[in-house]
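1. Please work out how this folds:
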Amino acid sequence: MSNKKYEFTVFTPTYNRANLIHRVFESLEQQTFRNFEWLIVDDGSIDNTNEIIEEFKQKASFPIRYIYQDNGGKHRAFNRAVKEAKGKFFLTADSDDRFVSNALEKLKYYWDLIPEQEKEKYSAVTGLCIDTQGNVIGNKYPKDIFDSNSFETNFVYNIKGEKWGFQRTEVLKKFPFKEFTGENFIAESSVWFKISKEYKTRYINEPLRIYEINNDSLSSDTVSLRVKNPKGVLYTYIQEFNLPIPLRFRLKSMINCIRFSLYKKEMFIDCIKIQNKFLLPITLTIGLLMYIKDQKK
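-> Numbers count the residues shown, from 1 in each chain. Next up is the predicted model:
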């Protein structure tokens, strides 16, 4: 029996998004399922985000908690929020997100469909994202209710596109993001793939999140992010290489490991050490060529 106060903690990491965060607030006000809290971790904003949140608190029909911390990246905000969460389920809503009015209700409904004796084997429920015109982004799942995990959906079923859902808070507490000194980014897959080795996810063909692309989104320049955060990059690619996935994807991970480790000599040596000696001539050559191509951009 969970001792959590709410069913959901809706977590929003934010950084200088005072002009956009109203989208999350408005979506939460419209939710048909009401047993949730909104937890905002402000990652060092220098705009008037705190004032906007105070205004929300005055008129909100649900509990809001606001935490300010020095800028350290989304993954550090995430780790802080997991520690602070009072919800059984942990749902990330980015500071520019909108979602459909029955999103929480749908997520809870599909979780409740899992037999009680099976629930411990599952960590999450994940649904689809749509654009502002209502079109599904990326691929749907092979079935309307599809039980799998992150690396199978990515590397075996080749399901692409934005997806959205919750994780059980108690599971996330076991798998925090690695925090490397001096680095402010690490790929989310570094946690999702770890969880996938132990837990299933229930995937559903239900549109839940309304996705809008912003020029300042984290995904706008992934190459630059990886160049600036080599330790997190190496850590993630090593994990991918050791997943039970097809060889071509493991090769890609090792190639990218070399590609980005070339930006720091000590990281390159570490990357070489964990390479398969029979594949090294291939991965080294392609990784070097990709590095050279990056330099020309």
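
2. what about the nearest residue to Gln167 once chain neighbours are set aside, helix or strand, and which?
-> Using C-beta to C-beta, 6 or more residues apart in numbering and skipping residues adjacent in sequence, the residue nearest Gln167 is Ala124, 4.7 Å away. Placement of C-beta: from N, CA and C, glycine included. Secondary structure from DSSP states H and E places Ala124 in strand 122-130.

3. and that strand, which residues are buried?
-> Buried positions in strand 122-130, judged by neighbour count with 16 or more other C-beta atoms under 10 Å: Tyr122, Ser123, Ala124, Val125, Thr126, Gly127, Leu128, Cys129, Ile130.

4. Bridge partners for the residue nearest to Gln167, pull those for me.
-> Beta-bridge partners of Ala124, counted by DSSP bridges, are Gln167, Thr201.

5. residue contacts, it?
-> Shown in contact with Ala124 (C-beta atoms under 8 Å, 6 or more residues apart in numbering): Gly165, Phe166, Gln167, Arg168, Val171, Ile195, Tyr199, Thr201, Arg202.

6. Distance from the chain centre to the strand holding Ala124, please.
-> Distance, stretch centre to chain centre, for strand 122-130: 12 Å (C-alpha atoms, centre = their mean, to the nearest Å).

7. from the middle of its chain, how far away would the helix or strand encompassing Arg259 be?
-> According to DSSP H and E, Arg259 maps onto helix 247-261. Remark: helix 247-261 is offset 21 Å from the chain centroid, using C-alpha atoms, centre = their mean.

8. any idea which helix or strand comes after that helix?
-> Using DSSP H and E, the helix or strand that follows helix 247-261 in sequence is helix 265-273.

9. Quick check: which helices or strands does that next one pack against?
-> Helices and strands touching helix 265-273, by 3 or more C-beta pairs under 8 Å, 6 or more residues apart in numbering; DSSP states H and E, are helix 230-241, helix 247-261.

10. Columns distance to Phe99 on top of those helices, output as a markdown table?
-> Formatted as a markdown table, those follow (distance: least, C-beta to C-beta, whole Å):
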| stretch | distance to Phe99 |
| --- | --- |
| helix 230-241 | 27 |
| helix 247-261 | 31 |
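
11. out of the ones you listed, deepest packed?
-> Mean neighbour count, computed with mean count of other C-beta atoms under 10 Å, is highest for helix 230-241 among the helices and strands packed on helix 265-273, reaching a mean of 22.

12. Could I get the contacting residues of the residue most central in space within the chain?
-> Centroid-nearest residue in the chain: Glu188, 4.5 Å away (criterion: C-alpha atoms, centre = their mean). Residues near Glu188 by C-beta under 8 Å, 6+ apart: His75.

13. Recalculate using a threshold of 10 Å.
-> The contact partners of Glu188, by C-beta atoms under 10 Å, 6 or more residues apart in numbering, come to Lys74, His75, Phe78, Thr92, Ser150, Phe177, Leu218, Thr236.

14. Give me the buried entries from the residues you listed.
-> Lys74, His75, Phe78, Thr92, Ser150, Phe177, Thr236.

15. where does the stretch 101-250 of the chain dip in pLDDT?
-> Along the stretch 101-250 of the chain, segments meeting pLDDT under 70 span 213-220.

16. can you give me the strands for it?
-> Using DSSP state E, counting those that start in this stretch, the strands of the stretch 101-250 of the chain run over 122-130, 145-148, 163-168, 200-210.

17. all helices of the stretch 1-150 of the chain, in order?
-> 22-29, 49-59, 74-84, 103-112, 150-151 (DSSP state H, counting those that start in this stretch).

18. which parts of the first one are buried?
-> Spelled out, it's helix 22-29. Buried, per 16+ other C-beta under 10 Å, within helix 22-29: His22, Arg23, Val24, Phe25, Ser27, Leu28.

19. Hmm, the third one is touching Arg98, no?
-> Yes. Taking contacts as C-beta atoms under 10 Å, Val24 lies within contact range of Arg98: 7.7 Å.

20. Lovely, talk soon.
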